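In: just coords:
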């Protein structure tokens, strides 16, 4: 019997919730809601049960599998708290405890009224605005708290966060339950319901968040989000849509999570549902009434607050700590004793853990002197504090500023690579397991003694036993020996403490037709060498040289190994630093690579990232995209069958065109070496904006118009990249007819497919024209420090000479410039101050450089 419905699924074009923004410049809420709705089309599994049924369903026992403390949870009628902890009270509560002092322990559950002894919001005629603290018609935020209270400025979010916190205090009275918490406090806060989370362009205001330091937490530190509504829960409602977007933001800023845990509290703010968002969609638990089913509610709440980190979505095989480093000092500040030029002893390597060290020594008594600190500040930081003393970044308060994580490529979570030029104040430290080995993590550096690796932690489309899950391993083994392709050291399917392979299917109680083929398996790869992202080049010549090397890698892959990469984008192009000081380009992420077929038709799944897709690929996807957007969207999993794109025609010319878009993107979106981002407000007519539209048809049209009429488009280049404008023009001319298009009269335009040799010859031609004397940022910094030291000596000479002429005594305590902490952020030793004798200073016979 044919299915009742058919729908379009974004899984077939390589999307998933954690890497949804293949259109990274979309940041308005309306567009985000549309994208998440499309992303979750047919992929939300909603478990149903009667409101009086005590069944927990399938999701909750699965995610709380490690929480074996049911017998430790006190019954609701035995919970006691100091009266002072009950912050908000109504007439019933005040009357009940009128004879108690503030320090007295009082019951948290009123058995007679069958209510919690904390004031909770009451809806007025189902009015959502009053029950959730929204703005009323007079522009004032208020909460209707029932007939026994007058209107108050206390919002529903504040009432519920206070209730959750006092409930935490009551449950913590059971010492054994409180001791189960693996790390950090978990505090609820509703302040962000009136102000958006800072640090991201997508402005979202979660009603309630749970974090270590909620007032100062960004999306990278939020553990759980709860949303309130007086209305009944609907998948198509506002509450569900806002949960979708906030789950995306959590997964984007915390890519190491297995799932994002969210809560919805609906129907007069009394029905609780647990939502788990992962790389295959979303699963929603049955509803639980927080008063009629108080014991089940206490179990769920206890698992969230006191359970292990894995209960709220974190990976038990990965630990991320927060490295607490003082901020960079000014040149007049005193350098902390720990960072002064004294020898420091590193922690000795342990048998089960690879010790982070950039010197390559295996000695347990390895020391680091001041010269080493200048050349490798990361080594000196590995000895700061013991493992036990470092808080987990997932539960610790936000101490350090962090960058907005880069949008991940389609079909995989962001691959983490070394931030070689970031100061340590932005680093994270932790451990990750691969098979029986543990690797130390320094932010995005994965290292063993004397060696550094890249560890790719990602979710591959496919079930546990599917052969395609290990396609990248197969491709990398076939590419072994080609310079610029990482070497595979080891790999594994991530196994949970229960012994099961980590797969998104385990969170669904059944497989519906609409979710078929959407499961993802957790896989880790260990590779070397590590490298810098392409936009972290040091000179323009290194940038162009790396582009040439990447074309050469693609040429060897196609002609020598018969393999097509299919995913050339900004985040898959790298630069490798050699031991002799040179560098070369790298091409990574071979997850979607395929063996080349005679007809060049391949199953869809690894087409690349939207801004970097070729015109040919966009044209083939645009037909599917148009039908998808015109079709009806229903998020709930059903018997509907997904309509897939099927096969697409793709060859190496598409990858070569994608590399050109990477080049253009860097020249417009960055303003210098080492990944210096450009401060620019993108709007229509800017190429990155036009190439990142939600509509794939508009993206194709924008790229076609660029090649037909360059016009003033190249004026969007940052001035730093002005010397590369001739290369951009020649490269544009070379690619103009790479895609067969039609003229205004409907005739087929000239079609000249580009070749590897064409691109390599073009890049080598312009490499010769670029100067060799461009200073890298490190050498430029050294020159700046040297000139500053010379100027300081000259200024001191003038002071001393004037004092001698006036007959004043020369004090030995005359101010001298102190080198600050910033002076060591270079790959070369900072030059010492220029010394001059007293005779030379008085004579003034030298000039500053």
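Out: Happy to help now that I have it. As the structure is a computational prediction, the values presented were derived from the model and not from experiment. Residues are numbered from 1 along each chain as shown.
In: first vs last residue of stretch 82-100, how far apart are they?
Out: Between the opening and closing residues of stretch 82-100 we find a distance of 10 Å, counting by Cα to Cα, to the nearest Å.
In: who's in contact with it?
Out: Contact with stretch 82-100 is made by 101-106, 110, 113, 115, 117-119, 145-146, 148-149, 154, 158-159, 162, 166, 169, as judged by Cβ atoms under 8 Å, 6 or more residues apart in numbering. Every residue, glycine included, has its C-beta placed from N, CA and C.
In: Now, of those, which are buried?
Out: Applying a neighbour-count criterion of 16 or more other Cβ atoms under 10 Å, the buried members of the contacts of stretch 82-100 are 106, 110, 115, 117-119, 145, 149, 154, 158-159, 162, 166.
In: Going along the chain, name the helices of the stretch 401-550 of the chain.
Out: Under the criterion DSSP state H, counting those that start in this stretch, the stretch 401-550 of the chain contains helices at 471-478, 540-559.
In: so what does the first one touch, helix or strand wise?
Out: Using 3 or more Cβ pairs under 8 Å, 6 or more residues apart in numbering; DSSP states H and E, the elements in contact with helix 471-478 are strand 487-493, strand 520-528.
In: and with 10 Å instead?
Out: In this structure, helix 471-478 packs against strand 451-461, strand 487-493, strand 520-528, strand 563-564, strand 594-595, with contacts taken as 3 or more Cβ pairs under 10 Å, 6 or more residues apart in numbering; DSSP states H and E.
In: Tell me the buried residues in the first one?
Out: Judged by neighbour count (16+ other Cβ under 10 Å), strand 451-461 contains these buried residues: 452, 453, 454, 455, 456, 457, 458, 459, 460, 461.
In: how about the helices in the stretch 701-849 of the chain?
Out: Here the stretch 701-849 of the chain has its helices, by DSSP H, counting those that start in this stretch, at 725-735, 756-769, 777-806, 838-843.
In: With respect to those helices, which exhibits the lowest mean confidence?
Out: Out of the helices of the stretch 701-849 of the chain, the stretch the model trusts least by mean pLDDT is helix 838-843, with a mean of 58.
In: Dump the helices of the stretch 701-849 of the chain to TSV, plus distance to residue 37.
Out: Compiled in TSV, these are given as follows (distance: least, Cβ to Cβ, whole Å):
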stretch	distance to residue 37
helix 725-735	35
helix 756-769	40
helix 777-806	44
helix 838-843	73
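In: Those: which one's closest to residue 592?
Out: Smallest distance to residue 592 across the helices of the stretch 701-849 of the chain (Cβ to Cβ): 20.0 Å, for helix 756-769.
In: buried stuff in the closest one?
Out: Residues of helix 756-769 classed as buried: 756, 758, 759, 760, 762, 763, 766 (neighbour count, 16+ other Cβ under 10 Å).
In: Looking at those, spot the one nearest residue 434.
Out: Using Cβ to Cβ as the measure, the one of the buried residues of helix 756-769 that approaches residue 434 most closely is residue 756, at 34.9 Å.
In: Give me the nearest residue to that closest one, chain neighbours excluded.
Out: residue 555 (4.0 Å; Cβ to Cβ, 6 or more residues apart in numbering).
In: hmm, back to that, so which of the contacts of stretch 82-100 are in helices?
Out: Judged by DSSP state H, those include 158, 159, 162, 166, 169 as members of helices.
In: Which one of these is nearest to residue 669?
Out: Distance from residue 669 was checked for each of these by Cβ to Cβ. The minimum falls on residue 158, at 40.8 Å.
In: returning to that earlier point: can you add distance to residue 178 and pLDDT and give the buried residues of strand 451-461 back as TSV?
Out: Below are the buried residues of strand 451-461 laid out as TSV (distance: Cβ to Cβ, whole Å; pLDDT from 0 to 100):
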residue	distance to residue 178	pLDDT
452	40	76
453	38	81
454	40	83
455	34	86
456	38	88
457	32	88
458	36	87
459	34	89
460	39	89
461	41	86
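In: can I assume residue 189 is in contact with residue 165?
Out: Yes: using Cβ atoms under 10 Å, residue 189 and residue 165 qualify as a contacting pair, with a distance of 8.5 Å.
In: shared neighbours of the two, which are they?
Out: The overlap between the contact sets of residue 189 and residue 165 (Cβ atoms under 10 Å, 6 or more residues apart in numbering) consists of residue 210.
In: Quick check: the closest residue to residue 166 other than its chain neighbours vs residue 162, distance?
Out: Closest residue to residue 166 in three dimensions, ignoring its sequence neighbours and counting by Cβ to Cβ, 6+ apart: residue 85, at 4.9 Å. For residue 85, the distance to residue 162 equals 9 Å [Cβ to Cβ, to the nearest Å].
In: got any residues that touch both of the two?
Out: Taking Cβ under 10 Å, 6+ apart as the contact criterion, the common neighbours of residue 85 and residue 162 are residue 118.
In: Provide the count of other residues in contact range of residue 220.
Out: Around residue 220 sit 21 other residues, with neighbours defined as other Cβ atoms under 10 Å.
In: can I get the buried residues of strand 451-461 in TSV with distance to residue 227?
Out: As requested, the buried residues of strand 451-461 are arranged in TSV below (distance: Cβ to Cβ, whole Å):
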residue	distance to residue 227
452	42
453	40
454	37
455	34
456	33
457	29
458	29
459	25
460	31
461	29
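In: Give me the three-state assignment for the closest residue to residue 546 other than its chain neighbours.
Out: Taking Cβ to Cβ, 6+ apart as the measure, residue 546 lies nearest to residue 585, with 3.5 Å between them; neighbours along the chain are not counted. The three-state label for residue 585, taken from DSSP: H, G, I helix; E, B strand; the rest coil, comes out as strand.
In: So residue 585 is in contact with residue 533, correct?
Out: No: with contact defined as Cβ under 10 Å, residue 585 and residue 533 do not form a contacting pair (11.3 Å).
In: Give me the more crowded residue out of these two.
Out: The residue with more neighbours, out of residue 585 and residue 533, is residue 585; 25 against 22, by other Cβ under 10 Å.
In: Would you check how far apart the more buried one and residue 549 are?
Out: Computed with Cβ to Cβ, the distance linking residue 585 and residue 549 is 3 Å.
In: now do residue 457
Out: The gap separating residue 457 from residue 549 is 26 Å, by Cβ to Cβ.
In: what's the answer for residue 239, then?
Out: Residue 239 sits 50 Å away from residue 549 when distances are taken as Cβ to Cβ.
In: Contact partners for residue 316?
Out: Counting by Cβ under 10 Å, 6+ apart, residue 316 touches 66, 182, 258, 308, 309, 310, 433, 494, 496, 497, 498, 502.
In: now, which of these lie within strands?
Out: residue 433 (DSSP state E).
In: Provide a list of residue ranges in the stretch 201-350 of the chain with pLDDT below threshold.
Out: Where the stretch 201-350 of the chain drops to pLDDT under 70, the residues are 321-350.
In: can you give me the helices in it?
Out: With DSSP H, counting those that start in this stretch as the criterion, the stretch 201-350 of the chain has helices spanning 238-253, 294-306.
In: TSV please, covering those helices and showing distance to residue 484 and mean neighbour count.
Out: Putting the helices of the stretch 201-350 of the chain into TSV (distance: least, Cβ to Cβ, whole Å; neighbours: other Cβ atoms under 10 Å) gives the following:
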stretch	distance to residue 484	mean neighbour count
helix 238-253	29	23
helix 294-306	46	21
